[in-house]
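>>> Can you look at this prediction? I've put the sequence above it.
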Amino acid sequence: MAQIENPARLRELLAEEGRLEAMVESKPLSFWRIAMIRLRRDRLTLGAIAILLIILFASLGAEIINERVLGVDPYDTNLLASLEPPSSEHLLGTDTLGQDQLARLLIGGRISMAIGFFGAIFTLMIGVTLGMMAAYFGGIIDDVIMWVINTLNSIPGLFLLLIVGALFDLSAAWLTVLFALLGWPFITRLVRSTVFSLRERDYIMASNALGASSFSIMFRHILPNVIPIVIIATARAVGNLMLSESILSFLGFGVQPPTPTWGNMLTEAQQYIVRPDARHLIVAPGVMITITVLCMFIIGDGLRDALDPRLK
Amino acid sequence: MTTYIFRRLLQAVPTILGVTLITFFLMQAAPGDPVQILTFSPGMKAEDRERLRHELCLDRPLATQYLIWVFGDWTGECSQRGLIRGDFGNSFFSRRPVLEMYTERIPATLQLTTYALLIGGALGLFMGIISAIYRGTAIDNFSRFFSVVFDALPPFWFGILLIMYFSVQLGIFPVGGQLPLNVDNPTIADRVRHLVLPSIVLGVTWIAVMSRYMRAETLEVMGQDYIRTAHAKGLRKRTVYFKHAARNALIPIVTILGPAVTALLGGAVVVERIFSWPGIGRMVVDAVSRRDFPVIMASTIIGAVLVIFGNLLSDILLVMVDPRIRLK
């Protein structure tokens, strides 16, 4: 279990939590409890989580917000009201087809974020499974997995993404799967090397000596210690996937219009680069991508500090 | 050293093999018949189409097609000489040898990426050192926050914003391209003006990566005894930091250069597209949207070769600058 570096500091933290007595009379705090205490004191990360939650809920409730609060339909075109600047009627203005930009941003955010989150979860599932397999079985299975990793890593990622995305005309759901199929190597490597180093620890030797099967050592003693590292990697992966999605959509090979995503909204906006009256179309989607990805990265860093202080 | 390089090259063989397998079977699985794309005339007779298919060896079993593509044709019926002899086929559209198209475009991409790496490297390393020296202060926090922000910034959007402001509104830099179209003998100033925005956009991500690495490395080095000795000798702080600490902190940075090739090639796709830069990135995007199969297939293989060489080069450089590391 995790060791807190400085006992005096821990006592200070616990006292603030009003848990010192509780700790004295009951069992010691779990690793996750300590991580929560650390996280709760990290204002930057908390702020990022709050902003992300606001964006997330606004996107999830996009239909309701669009209908009840804004009173517009994101797919409702009106050529007479095309390229309008922000006004009280359209808070962030309208696009070429006269569609309300704010309403489209909300819907688009849902797809961008869904690709980021589900993509990261799939990546995690493939990556952890293969990483554990490589480390557990070793030998030829490890060799084959490492060969695939080396091969995938030597192709510039965007090339492969571009080729598959363009040639197969993917829907948002398949795009998510594609990101996972191309993105798992880094998690596999992380898990594999962590398992290798954990295997040399004394506590593993102890369970070996007690007669635990290698299967139970793997899943009961090693896997729980791999999870924190994987969580940190996943938080960053969500941000990176959202960036990749926006790049792919921007190049015209991601999710296709009329389904809005933050990336393909910018593709449409790019043609108005010389028109000052269409500036709102270029600025808004980019700001949304940046803020969301930034929040994910900050949360990733915060989780790293909370879960694994040695990595700092 | 020679044996080491030789062994590394030998190790690259299975990787390249994997890349050719992935590329070949991806293309096979892709919808769209190459002959259809190649001829693009609905009036073409079925027998002509068959003849063309036979000439291109597309009527063979898959495994044979793969072997012909990699090793060249041994039956003498189609004119492919194979990847191993540098024959990547001809483009469906320009009808020119693919390898020639790549060698023509690589200098432009190389120029862009070199400047990007110089800008990103110089600023990033400087920021990293400063951050480490002023660890825990506002300067450090600012520079770390700045580097996360640039990580999160979508590169294409940043490019568009720069064009919008510096090219369209202020008119300082051109909107895109490598050289002015209406001038016969472009001056150096013309070339530089075209380079500024694209290399900034491509370089900015490297500020973030480099500064983070450099900060960690400098902090590591500053805990060493010889730095304390340097301070104790009464050297000026600046001398200690920039001459003693920074030099040794720079060593591990060499290892980033390998992965940098992958990232720069990927980044070039985006930047070349926004700034209409005539490099390989833009060529790949065009090829993908026109389904120009030979050009697409070459992109992953040439990309992989560049990446493998980048990795090898950075490992060799590391040994050269750090005598503590021995080749195994």
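Sure thing, it's come through. Numbering: from 1, shown residues only, chains lettered A, B, ... in the order given.
>>> OK, contacts around residue 127?
Answering for chain A, as no chain was given. Going by CB atoms under 8 Å, 6 or more residues apart in numbering or on different chains, residue A:127 touches A:183, A:184, A:185, A:186, A:187, A:188, A:190, A:191, A:230. The way it works is simple: take the backbone N, C-alpha and C, and place the C-beta from them, glycine included.
>>> To clarify, I was referring to chain B.
Contacts for residue B:127 (CB under 8 Å, 6+ apart) come out as B:143, B:146, B:147, B:207, B:210, B:211, B:214, B:215.
>>> 7 Å instead, please
Counting by CB atoms under 7 Å, 6 or more residues apart in numbering or on different chains, residue B:127 makes contact with B:143, B:207, B:211.
>>> my read: residue B:321 touches residue B:254, true?
Yes: if you go by CB atoms under 7 Å, residue B:321 and residue B:254 touch, sitting 6.2 Å apart.
>>> neighbour count winner among these two?
Per other CB atoms under 10 Å in any protein chain shown, whichever of residue B:321 and residue B:254 has more neighbours is residue B:254, with 18 against 15.
>>> Would you mind measuring from the more buried one to residue B:266?
21 Å (CB to CB, to the nearest Å).
>>> cool, and residue B:115?
17 Å.
>>> neighbour count winner among those two?
Between residue B:115 and residue B:266, residue B:266 has the larger neighbour count (other CB under 10 Å), namely 22 against 18.
>>> I'd like the mean pLDDT over the helix or strand harbouring residue B:304, please.
Per DSSP states H and E, residue B:304 falls inside helix B:293-321. Averaging pLDDT along helix B:293-321 gives 85.
>>> same check, this time on stretch A:270-286
Stretch A:270-286 comes out at a mean pLDDT of 77.
>>> Send me that stretch as PDB with only the CA atoms.
Provided in PDB are the C-alpha atoms of stretch A:270-286 (Å, rounded to 0.1, in the frame of the first residue of the first chain):
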ATOM      1  CA  GLN A 270     -12.200  27.700 -42.100                       C
ATOM      2  CA  GLN A 271     -13.600  29.000 -45.400                       C
ATOM      3  CA  TYR A 272     -14.600  32.300 -43.700                       C
ATOM      4  CA  ILE A 273     -11.000  33.000 -42.600                       C
ATOM      5  CA  VAL A 274     -11.000  36.300 -44.600                       C
ATOM      6  CA  ARG A 275     -14.400  37.500 -43.300                       C
ATOM      7  CA  PRO A 276     -14.400  39.400 -40.100                       C
ATOM      8  CA  ASP A 277     -18.200  39.000 -39.700                       C
ATOM      9  CA  ALA A 278     -17.800  35.200 -39.400                       C
ATOM     10  CA  ARG A 279     -15.100  35.200 -36.800                       C
ATOM     11  CA  HIS A 280     -17.400  33.800 -34.100                       C
ATOM     12  CA  LEU A 281     -17.600  30.600 -36.100                       C
ATOM     13  CA  ILE A 282     -13.800  30.100 -36.000                       C
ATOM     14  CA  VAL A 283     -13.300  31.100 -32.400                       C
ATOM     15  CA  ALA A 284     -16.100  29.300 -30.500                       C
ATOM     16  CA  PRO A 285     -15.500  25.600 -31.400                       C
ATOM     17  CA  GLY A 286     -11.800  25.900 -30.900                       C
END
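>>> quick one: buried residues of it?
Residues of stretch A:270-286 classed as buried by neighbour count (16 or more other CB atoms under 10 Å in any protein chain shown): A:270, A:272, A:273, A:278, A:279, A:280, A:281, A:282, A:283, A:284, A:285, A:286.
>>> Could you measure from the fifth one over to chain B?
Relative to chain B, residue A:279 is positioned 7 Å away (criterion: CB to the nearest CB, to the nearest Å).
>>> now swap in the third one and tell me
Here the criterion is CB to the nearest CB. By it, residue A:273 lies 6 Å from chain B.
>>> how about that residue, what does it touch?
Residues in contact with residue A:273, defined by CB under 7 Å, 6+ apart, are A:282, B:160, B:163, B:164, B:168.
>>> Return the residues of the stretch 101-250 of chain A in contact with chain B.
Residues of the stretch 101-250 of chain A lying near chain B by CB under 7 Å from any CB of the partner chain: A:147, A:150-151, A:154-160, A:162-164, A:166-168, A:239, A:243, A:246-247, A:250.
>>> Okay, and which of those map to helices?
Counting by DSSP state H, the part of these found in helices is A:147, A:150-151, A:154, A:157-160, A:162-164, A:166-168, A:239, A:243, A:246-247, A:250.
>>> circling back to that earlier point, looking at the contacts of residue A:273, state which has the most neighbours.
When neighbours are taken as other CB under 10 Å, the top entry among those is residue B:163 (24 neighbours).
>>> quick one: that residue and residue B:177 touch, right?
No: counting by CB under 7 Å, residue B:163 does not reach residue B:177; the two are 11.9 Å apart.
>>> ok, whichever residue of the stretch 1-150 of chain A sits closest to chain B - how many residues close by?
Residue nearest to chain B within the stretch 1-150 of chain A: residue A:150 (5.0 Å; CB to the nearest CB). Residues within reach of residue A:150, counting by other CB under 10 Å, total 17.
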